[in-house]
Every structure is written in C-alpha cells, then in structure tokens.
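S.K.: quick check, what structure comes out for this input:
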Amino acid sequence: MPEGKTGEPDAKQLKTLAKGLINEQNTMTLATCKGSVAWAAPVYYVFFKSAFYFFSDPSSRHIVETLESGQASGAIHGFAAGWQEIRGIQMTGCIEALAMGLESAEVIGVYLKKFQFTKELFSAGSALNLDAFTTRFRVKLYKFDPTLVYYLDNSFRFGFREKVML
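M.R.: Numbers count the residues shown, from 1 in each chain. This next block holds a predicted model:
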C-alpha cells in the first residue's frame, strides 16, 4: 500500500479523492450507444455544483445519441505508469442542453477560469457569454448530470472501486 494510505477510505475520504481527481483533469470521455453500436468522445469539462458541463456541436454523434436515448456514460482518469497508479471516475447519467440563464452564465465563468486560453479565441472586448460561444464555434453548452458514480483507485488495492456521492 502506498505511503500515507492505511486501510480503505470512508465515504468522506472517497468524496474528497473523487473531487480531487475531477478537478485535476480536463477531459472526460463520454460514451453513448445506438442499437448495438457504442461510441466514445472526449470533451473538455468543468465540474460545478455536482454536474459536468461541456461545449459540443449539437450534430455530433455523442450528442445526437444521448439525446435520443436519454442516457450516457462518462469516464475520467489521469495518467498511470503502472497498475498501482490507476485512478478514475466511472459514471452513468443524462445529458441536457442549457439555454441562456443564470446557470449557463455561472458555468461560462467557471469554464473561462479553468480554460483561460479560451479568451484568446475571442476579440478583445467581446462579450463572453453563451451566445458568443454558440455563434463563434457553432456549439451548445451541455450538462452531464451523473446518477451513479464510482471512484476507482488501485493504490488502495487492485480493483478497488466504490460508489461515491459527489
């Protein structure tokens, strides 16, 4: 067992570890399915108020399939050089498009803070709101709301995986 880790984590520690991993990473892989054919797509995300927010083209396969089926899965993980370093988040939930409003305004503020390079893609003095993103990149803002979340961490033991509440 790695130095400093004794036994397995309790629910509070799991939540802290899961949120730490979520906040360390930038990309989440979304998985969808249509019929018997699965699909996976990486997206930049921000985690805000227990949900994941990302921009995507409304005609992209992962958006079309998840809106048709009403469900999606997500996975987040960091780099691992060996099996003991594997840590990740596995989720299932639903995705919805967000319209202009307080929630989208707050999320865009969080997004711009996390992905500061995004500001460079707009002209100086441009409004940085949902309409600006939609117009500039032909994308919409989406919310992945997880209904079931597991945290996995092989530093505790091989195959360690526990349900966690975010």
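S.K.: any stretches of the protein with poor pLDDT?
M.R.: Residues of the chain meeting the criterion pLDDT under 70: 1-6, 123.
S.K.: which stretches in it count as strands?
M.R.: 27-34, 37-44, 46-48, 51-56, 72-77, 87-97, 140-153, 161-163 (DSSP state E).
S.K.: of all those, which one is nearest residue 112?
M.R.: Among the strands of the chain, strand 46-48 comes nearest to residue 112, with 9.4 Å by Cβ to Cβ. Just so you know, the C-beta spots here come from the backbone N, C-alpha and C atoms, and that holds for glycine as well.
S.K.: one step back: adding mean neighbour count and distance to residue 21, write the strands of the chain out as TSV.
M.R.: Shown next, in TSV, are the strands of the chain (neighbours: other Cβ atoms under 10 Å; distance: least, Cβ to Cβ, whole Å):
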stretch	mean neighbour count	distance to residue 21
strand 27-34	18	11
strand 37-44	15	16
strand 46-48	18	10
strand 51-56	22	13
strand 72-77	20	7
strand 87-97	18	6
strand 140-153	19	7
strand 161-163	14	13
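S.K.: figure out which of those strands is closest to residue 114.
M.R.: strand 46-48 (5.3 Å).
S.K.: picking up where we left off before, and the strands of the chain: which comes nearest residue 115?
M.R.: Among these, the nearest to residue 115 by Cβ to Cβ is strand 37-44 (6.3 Å).
S.K.: tell me what the closest one is packed against?
M.R.: Secondary-structure packing of strand 37-44 (3 or more Cβ pairs under 8 Å, 6 or more residues apart in numbering; DSSP states H and E): strand 27-34, strand 51-56, helix 61-69.
S.K.: may I see those arranged in CSV, with distance to residue 10 as well?
M.R.: Formatted as CSV, these follow (distance: least, Cβ to Cβ, whole Å):
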stretch, distance to residue 10
strand 27-34, 26
strand 51-56, 24
helix 61-69, 33
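S.K.: I'd say residue 76 and residue 30 touch.
M.R.: No - applying Cβ atoms under 8 Å as the test, residue 76 and residue 30 come out as separate, 10.4 Å apart.
S.K.: can you pull the contacts of residue 24?
M.R.: residue 78 (Cβ atoms under 8 Å, 6 or more residues apart in numbering).
S.K.: relative to residue 77, how far out is it?
M.R.: Using Cβ to Cβ, to the nearest Å, residue 24 is found at 10 Å from residue 77.
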